[in-house]
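*Asks:* what follows is a protein structure lacking sequence information:
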Ligand SMILES: [Zn+2]
Ligand SMILES: [Zn+2]
């Protein structure tokens, strides 16, 4: 299978790219947020369905002033172009190779899915971050699937938590608190909703911040998350502890 690689958004004029820069991390003034590092902990590369290579991601992140990034390609997905047993070692090796070559702190992560998470566990110790998400049906309810899974899997972040009823959140929060799992503020999908974010914050669950970038344009496009943190008066202590 060959994939068309379009990391650079060539179809857009430079002007329109700069016009969008207000959404990027480097436009954040960091007034009350000066203690929060500039992070984007959810980025896809050509190892799964992203358009940029790891090197292109790092170069763009440097240009946009990020301090922390994470490669979080899909792993063993049933629905999406994904890392599998044939590519996972190359992925981890390539991430490790790139790590030392940038001033940015780079984390090796994966975005696992609820039905196939066990296939990732063999590689867990080689990962800095493990995200869990879902892109298809799960057995029973998402709430039960995620709370059961968190109990016995070393998950760091629940990525783009979506399609969750307001009344289901407290059970998920209980499980996240018990296992010290962070909940992602996903700037691309704009989830969770702000009133849920406020509730999560009150209950003391930590947040992660991610753009869910699949192309160059989206890398570091996390202003939505920082704006909400600022509005809620949340600082560094409300964020996931980074290695
Ligand atoms: Zn996802
Ligand atoms: Zn993703």
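*Replies:* On my side now, so go ahead. Please read these numbers as outputs of a predicted model, since none were measured by experiment. Ligands and ions are numbered 1, 2, ... in the order given.
*Asks:* neighbouring strands - and their directions - for the longest strand seen in the chain?
*Replies:* Ranked by residue count, the top strand of the chain under DSSP state E comes out as strand 105-113. Each strand that strand 105-113 pairs with, and the sense of that pairing, follows from DSSP bridges: strand 68-74 (parallel), strand 129-133 (parallel).
*Asks:* near ligand 2, which residues of the protein are found?
*Replies:* Within the chain, the positions near ligand 2 by C-beta under 5 Å from the ion are 111, 212. To be clear about C-beta, it is placed using only N, CA and C from the backbone, and glycine gets the same treatment.
*Asks:* count of residues packed around the residue nearest to residue 112 when sequence neighbours are not counted?
*Replies:* Of all residues beyond its chain neighbours, the one nearest residue 112 is residue 120 (4.5 Å), with distances taken as C-beta to C-beta, 6 or more residues apart in numbering. A total of 20 residues lie near residue 120 under the criterion other C-beta atoms under 10 Å.
*Asks:* and what of the one 10 residues further on?
*Replies:* By other C-beta under 10 Å, 23 other residues sit near residue 130.
*Asks:* which residues of the protein fall in strands?
*Replies:* Remark: strands of the chain, listed N- to C-terminal, are 39-43, 68-74, 105-113, 129-133, 157-158, 182-186, 207-210; assignment by DSSP E.
*Asks:* average pLDDT across the last one?
*Replies:* Confidence over strand 207-210 (mean pLDDT, whole number) is 98.
*Asks:* for residue 116, list the residues it contacts.
*Replies:* Contacts were defined as C-beta atoms under 8 Å, 6 or more residues apart in numbering; by that measure residue 116 touches 75, 76, 77, 78.
*Asks:* which of those has the most neighbours?
*Replies:* When neighbours are taken as other C-beta under 10 Å, the top entry among the contacts of residue 116 is residue 75 (28 neighbours).
*Asks:* okay, which residue is most central for the protein?
*Replies:* Most central residue of the chain, judged by C-alpha distance to the mean C-alpha position with C-alpha atoms, centre = their mean, is residue 42 at 2.4 Å.
*Asks:* excluding its backbone neighbours, what's nearest that residue?
*Replies:* Counting by C-beta to C-beta, 6+ apart, the residue nearest residue 42 is residue 210, at 2.6 Å.
*Asks:* quickly list what that neighbour is bridged to.
*Replies:* Beta-bridge pairing for residue 210 (DSSP bridges): residue 186.
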